[in-house]
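A.B. asks: predicted model and sequence follow; I will ask about them next.
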Amino acid sequence: MGIGVHCEIDPRVSLNGDYSIGDFTAIRKMTTISGNVTIGDDVLIGEGVKISGNTIIGDLCLIEAGAVITDSRIPEGSIVGRYSMLKHVNMTSARCVPRGLCVLKDRNYSGSGLLRYLSVVMWYYINRRALKRALRLEK
(Lines give C-alpha, C1' and ligand atoms only; values in the text may rest on other atoms or scores of the structure.)
Protein backbone atom coordinates (compact mmCIF):
# COMPACT_ATOMS: atom_id res chain seq x y z
CA MET A 1 0.00 0.00 0.00
CA GLY A 2 1.55 3.27 -1.08
CA ILE A 3 0.97 6.62 -2.71
CA GLY A 4 3.66 8.28 -4.82
CA VAL A 5 4.88 11.87 -4.61
CA HIS A 6 2.90 14.85 -5.92
CA CYS A 7 -0.34 12.89 -6.27
CA GLU A 8 -3.65 14.72 -6.30
CA ILE A 9 -6.32 12.57 -4.65
CA ASP A 10 -9.74 14.07 -3.94
CA PRO A 11 -10.90 13.66 -0.31
CA ARG A 12 -14.02 11.77 -1.47
CA VAL A 13 -12.00 8.90 -2.98
CA SER A 14 -12.34 5.45 -1.37
CA LEU A 15 -9.05 3.51 -1.15
CA ASN A 16 -9.27 -0.08 0.18
CA GLY A 17 -7.05 -3.13 -0.05
CA ASP A 18 -3.45 -3.47 -1.21
CA TYR A 19 -3.04 -0.57 -3.64
CA SER A 20 -0.03 1.20 -5.12
CA ILE A 21 -0.35 4.63 -6.76
CA GLY A 22 2.51 6.09 -8.81
CA ASP A 23 3.95 9.61 -8.83
CA PHE A 24 2.06 12.60 -10.30
CA THR A 25 -1.23 10.69 -10.49
CA ALA A 26 -4.59 12.46 -10.13
CA ILE A 27 -7.72 10.71 -8.86
CA ARG A 28 -11.01 12.60 -8.94
CA LYS A 29 -13.98 12.46 -6.54
CA MET A 30 -16.33 9.52 -6.05
CA THR A 31 -13.73 7.01 -7.29
CA THR A 32 -13.40 3.63 -5.58
CA ILE A 33 -10.19 1.62 -5.61
CA SER A 34 -10.27 -1.78 -3.92
CA GLY A 35 -8.26 -4.98 -4.10
CA ASN A 36 -4.75 -5.49 -5.40
CA VAL A 37 -4.58 -2.42 -7.67
CA THR A 38 -1.39 -0.95 -9.13
CA ILE A 39 -1.58 2.45 -10.83
CA GLY A 40 1.44 3.84 -12.70
CA ASP A 41 2.91 7.35 -12.90
CA ASP A 42 1.19 10.34 -14.57
CA VAL A 43 -2.27 8.73 -14.66
CA LEU A 44 -5.52 10.69 -14.63
CA ILE A 45 -8.56 8.90 -13.22
CA GLY A 46 -11.89 10.70 -13.70
CA GLU A 47 -14.90 11.00 -11.41
CA GLY A 48 -16.88 7.95 -10.34
CA VAL A 49 -14.43 5.33 -11.62
CA LYS A 50 -14.49 1.87 -10.01
CA ILE A 51 -11.23 -0.11 -10.06
CA SER A 52 -11.13 -3.46 -8.29
CA GLY A 53 -9.62 -6.91 -8.18
CA ASN A 54 -6.14 -7.66 -9.46
CA THR A 55 -5.79 -4.65 -11.79
CA ILE A 56 -2.70 -2.99 -13.25
CA ILE A 57 -2.87 0.40 -14.96
CA GLY A 58 0.32 1.49 -16.73
CA ASP A 59 1.98 4.92 -16.85
CA LEU A 60 0.51 7.86 -18.80
CA CYS A 61 -3.05 6.47 -18.93
CA LEU A 62 -6.37 8.30 -18.95
CA ILE A 63 -9.35 6.62 -17.32
CA GLU A 64 -12.42 8.75 -18.03
CA ALA A 65 -15.39 9.28 -15.70
CA GLY A 66 -17.66 6.38 -14.83
CA ALA A 67 -15.41 3.58 -16.12
CA VAL A 68 -15.46 0.22 -14.33
CA ILE A 69 -12.28 -1.88 -14.45
CA THR A 70 -12.06 -5.29 -12.77
CA ASP A 71 -9.19 -7.82 -12.86
CA SER A 72 -7.63 -6.23 -15.94
CA ARG A 73 -4.31 -4.99 -17.28
CA ILE A 74 -4.27 -1.60 -19.01
CA PRO A 75 -0.89 -0.91 -20.68
CA GLU A 76 1.07 2.34 -20.75
CA GLY A 77 -0.47 5.18 -22.77
CA SER A 78 -4.01 3.75 -22.98
CA ILE A 79 -7.27 5.67 -22.82
CA VAL A 80 -10.42 4.13 -21.35
CA GLY A 81 -13.52 6.07 -22.40
CA ARG A 82 -16.41 7.27 -20.24
CA TYR A 83 -18.68 4.57 -18.83
CA SER A 84 -16.61 1.75 -20.32
CA MET A 85 -16.62 -1.57 -18.51
CA LEU A 86 -13.59 -3.86 -18.64
CA LYS A 87 -13.56 -7.18 -16.81
CA HIS A 88 -10.79 -9.81 -17.10
CA VAL A 89 -9.14 -7.95 -20.00
CA ASN A 90 -5.42 -8.15 -20.66
CA MET A 91 -4.47 -5.55 -23.28
CA THR A 92 -0.94 -6.08 -24.55
CA SER A 93 -0.39 -2.72 -26.28
CA ALA A 94 -1.71 0.82 -25.82
CA ARG A 95 -5.28 1.25 -27.03
CA CYS A 96 -8.18 3.63 -26.89
CA VAL A 97 -11.34 2.00 -25.54
CA PRO A 98 -14.33 4.02 -26.83
CA ARG A 99 -17.01 5.51 -24.61
CA GLY A 100 -19.52 3.01 -23.26
CA LEU A 101 -17.78 -0.12 -24.57
CA CYS A 102 -18.36 -3.23 -22.46
CA VAL A 103 -15.71 -5.97 -22.66
CA LEU A 104 -16.49 -8.87 -20.33
CA LYS A 105 -14.38 -11.61 -21.88
CA ASP A 106 -11.57 -13.49 -20.23
CA ARG A 107 -9.28 -12.85 -23.16
CA ASN A 108 -5.93 -11.36 -24.09
CA TYR A 109 -6.18 -8.48 -26.53
CA SER A 110 -3.27 -7.62 -28.76
CA GLY A 111 -2.86 -4.89 -31.32
CA SER A 112 -4.71 -5.90 -34.47
CA GLY A 113 -7.39 -8.07 -32.81
CA LEU A 114 -8.50 -5.31 -30.49
CA LEU A 115 -8.27 -2.73 -33.25
CA ARG A 116 -10.44 -4.88 -35.52
CA TYR A 117 -12.97 -5.38 -32.71
CA LEU A 118 -13.07 -1.66 -31.89
CA SER A 119 -13.39 -0.71 -35.56
CA VAL A 120 -16.53 -2.90 -35.86
CA VAL A 121 -18.00 -1.35 -32.73
CA MET A 122 -17.18 2.17 -33.91
CA TRP A 123 -18.63 1.44 -37.38
CA TYR A 124 -21.89 0.37 -35.75
CA TYR A 125 -22.10 3.48 -33.55
CA ILE A 126 -21.29 5.80 -36.44
CA ASN A 127 -23.80 4.15 -38.80
CA ARG A 128 -26.58 3.16 -36.38
CA ARG A 129 -28.88 6.01 -37.44
CA ALA A 130 -28.57 5.02 -41.10
CA LEU A 131 -29.21 1.37 -40.18
CA LYS A 132 -32.33 2.25 -38.16
CA ARG A 133 -33.62 4.47 -40.96
CA ALA A 134 -33.07 1.70 -43.54
CA LEU A 135 -34.91 -0.83 -41.35
CA ARG A 136 -37.88 1.55 -40.98
CA LEU A 137 -38.04 2.09 -44.74
CA GLU A 138 -38.19 -1.68 -45.42
CA LYS A 139 -41.43 -2.07 -43.43
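C.D. replies: The structure has been received and is ready for your questions.

A.B. asks: in the chain, which helix or strand is least confident?
C.D. replies: strand 107-109 (a mean of 50; mean pLDDT, DSSP states H and E).

A.B. asks: wait, residue 2 sits on residue 20?
C.D. replies: Yes - using C-beta atoms under 8 Å, residue 2 is in contact with residue 20, at 5.3 Å. Yep, even glycine has a C-beta here, placed from its N, CA and C like the rest.

A.B. asks: more neighbours, the two?
C.D. replies: residue 20 (14 against 8; other C-beta atoms under 10 Å).

A.B. asks: and the more buried one, what are its phi and psi?
C.D. replies: phi -140, psi 120 (degrees, to the nearest 10).

A.B. asks: ranges for the helices of this protein?
C.D. replies: 111-138 (DSSP state H).

A.B. asks: low-confidence ranges, it, go.
C.D. replies: The model of the chain has pLDDT under 70 over residues 94-96, 98-139.

A.B. asks: swap the cut-off to 80 and go again
C.D. replies: 1, 91-139 (pLDDT under 80).

A.B. asks: OK, contacts around residue 26?
C.D. replies: 7-9, 43-45 (C-beta atoms under 8 Å, 6 or more residues apart in numbering).
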